[in-house]
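In: the following comprises the amino acid sequence and a computationally predicted model.
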Amino acid sequence: MSATATLMDTTSPFGTYPAEGLVRFAWRLADRHDLSRGLRKRIRSFVGRVFKGPYDTEADGLKFRIYPSQNYDDRKILAKGRLPEKAEHKLLKPYLKAGTVFVDVGANIGSYSLFAASCGAEVLAVEANPDTAAKLAFNLKANGLTSVKLAEVAIGDKEGTLSLWSEPSNCGFATLVEDLTTGEWAGDWSPREVAVRPLADVVADAGLARIDVLKVDVEGFEDRVVLPFLAATDRGQWPRVIMLETNCRPHWAEDCTSRLEALGYRAAGSTNDNTVFELAA
């Protein structure tokens, strides 16, 4: 397929679309942070039109079919040749081993879920965007991770439906918080209705008796994922570790970090975008 391909392909075998040298060079150029933000954006726009994907590539021993014009994580994988959340994975790795139950809310294309599974964890990946979930399902299959459970649903405080807002240049930055689509993150956002369920119900349906490590990255909706789950679950079944994205904290309805600390969690590490909380013994 030509470099201008735009259609999503989740059926052709992995390796159908090799990421060749020119493709990698172009996306590395678009990712150069020594360039001004404006220039980098213009380069990325041009490269995105010419080299849209899909491309098949490996990062840290894991296989991905990526669409770099559509998703930040895809661009980073292609430009860097590694998983994008290097610092976060370093924080999580001590908690991940055979038998660990890892739940990934806001799983995107699977960079966390595949990493956790490669460490031996039992994984439930939760992704609300149907197109992104289909890409994630392909990546799981490409890696032979048939035991990873996938729930295509949004997580909230009650069952129902909500508008999921997404922006065509970064499908991984989809949000249930409409206010987040203006101001700093203004763009060409569009909504689609998605099913919403409480995390406790989704976990029960997946047949999980507990969560050991919970990662939540849902663009300003983290509080409405975590706090209702803890309220509905016996303390003895609470996750030992919660990784929480905090860069959209102003859009929370309730300050999740202070509530976690009041409930007995302590900050055990952080990156620019995320904080790891560990439940005190």
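Out: Nice, I can see it. Residues are numbered from 1 along each chain as shown.

In: got the contact list for F14?
Out: With contact set as Cβ atoms under 8 Å, 6 or more residues apart in numbering, F14 has these partners: 56, 63, 65, 142. Heads up, the C-betas are built off the backbone N, CA and C, glycines and all.

In: in strands only, show me those.
Out: Members of the contacts of F14 lying in strands (criterion: DSSP state E): 56, 63, 65.

In: specify the beta-bridge partners of the nearest residue to V241 once chain neighbours are set aside.
Out: Spatial nearest neighbour of V241, excluding adjacent residues (Cβ to Cβ, 6 or more residues apart in numbering): V213 at 4.6 Å. Going by DSSP bridges, V213 is paired in beta bridges with F102, V241.

In: who's in contact with V213?
Out: By Cβ under 8 Å, 6+ apart, the residues touching V213 are 92, 95-96, 100-103, 116, 121, 239-243.

In: and the strands in the stretch 51-200 of the chain?
Out: Using DSSP state E, counting those that start in this stretch, the strands of the stretch 51-200 of the chain run over residues 55-59, 62-66, 101-105, 122-126, 149-151, 154-155, 160-167, 170-175, 190-197.

In: hmm, who's touching the shortest one?
Out: Which is strand 154-155. 105, 126, 128, 162, 164, 176, 194-199, 202, 218, 221, 224-225.

In: 7 Å - rerun?
Out: 105, 126, 128, 162, 164, 176, 194-197, 199, 202, 225 (Cβ atoms under 7 Å, 6 or more residues apart in numbering).

In: check the last one too.
Out: Surrounding strand 190-197, the residues in contact under the criterion Cβ under 7 Å, 6+ apart are 128, 153-156, 159-166.

In: kindly reformat those residues as a markdown table containing neighbour count, distance to N247 and pLDDT.
Out: Shown next, in a markdown table, are the contacts of strand 190-197 (neighbours: other Cβ atoms under 10 Å; distance: Cβ to Cβ, whole Å; pLDDT from 0 to 100):
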| residue | neighbour count | distance to N247 | pLDDT |
| --- | --- | --- | --- |
| A128 | 27 | 19 | 97 |
| V153 | 20 | 23 | 98 |
| A154 | 27 | 19 | 98 |
| I155 | 28 | 18 | 98 |
| G156 | 22 | 20 | 97 |
| E159 | 11 | 28 | 97 |
| G160 | 10 | 26 | 97 |
| T161 | 11 | 26 | 98 |
| L162 | 17 | 21 | 97 |
| S163 | 14 | 21 | 97 |
| L164 | 22 | 19 | 97 |
| W165 | 21 | 17 | 96 |
| S166 | 24 | 18 | 94 |
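
In: ok, so of those residues, who is nearest E261?
Out: Closest approach between the contacts of strand 190-197 and E261, by Cβ to Cβ: I155, at 21.7 Å.

In: quickly list what the closest one is bridged to.
Out: R197.

In: how close does it get to V241?
Out: 18 Å (Cβ to Cβ, to the nearest Å).

In: now stretch 176-193: buried residues?
Out: By neighbour count on 16 or more other Cβ atoms under 10 Å, the buried set for stretch 176-193 is 176-177, 180-181, 185, 189.
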